[in-house]
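Peer 1: Need coordinates for the following:
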Amino acid sequence: MNTQITRWNPWKELDQMQSRLNSLWNWEPLGLQAGKEEALTISEWMPRVDIAEDEREFLIKAELPDMKKEDVKVAVEDGVLTITGERKQEKEEKGKKFHRIESEYGTFLRSFALPVAVQADKVAADFKDGVLKVHLPKDIKAEARKAVEIKVS
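Peer 2: Now for the predicted structure:
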């Protein structure tokens, strides 16, 4: 008998329900920036992500254990950074039993609305030891155009 263990993800069901309701009423949630939004997606799992900022760049670090860089895709389109991929489950081997499987497997998609001050054409990514690092260089010119408060006398 060949049985496959599937991990139940309650968030997946909530995402599916949200998508159905959105399509029913043709409603789109507001994004972080004028019309931009992080995708509300249905994924089999979602890798953990850390986002940091310094004076030169934003840095996104995604935990992708047991994955190869060939299984991950990074794209920037219309002010949204998208990270997609698939983590494949180990095949069951004869004579080997799994007593517990807590690792998550399957496809994933994470997307993030980029701040206006990012140079989208200079985004770079590197993958090492199961961690994807996406470097988003800041656009110094765009930051210089920030609003400045003027005191009225």
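Peer 1: Which residue, other than its chain neighbours, is closest to the most centrally placed residue in the chain?
Peer 2: Closest residue to the average C-alpha location of the chain: residue 110 at 2.2 Å, with C-alpha atoms, centre = their mean. Spatial nearest neighbour of residue 110, chain neighbours left out: residue 83 (4.8 Å); criterion: C-beta to C-beta, 6 or more residues apart in numbering. C-betas here are computed from N, CA, C, even on glycine.
Peer 1: would you list every one of the strands in the chain?
Peer 2: 49-53, 57-63, 72-77, 80-87, 106-113, 124-128, 131-137 (DSSP state E).
Peer 1: Would you reformat these as TSV and include distance to residue 15 and mean pLDDT?
Peer 2: Output for these, formatted as TSV (distance: least, C-beta to C-beta, whole Å; pLDDT from 0 to 100):
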stretch	distance to residue 15	mean pLDDT
strand 49-53	17	93
strand 57-63	19	94
strand 72-77	21	92
strand 80-87	16	92
strand 106-113	11	90
strand 124-128	26	95
strand 131-137	22	95
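Peer 1: State the number of residues packed around residue 77.
Peer 2: 9 (other C-beta atoms under 10 Å).
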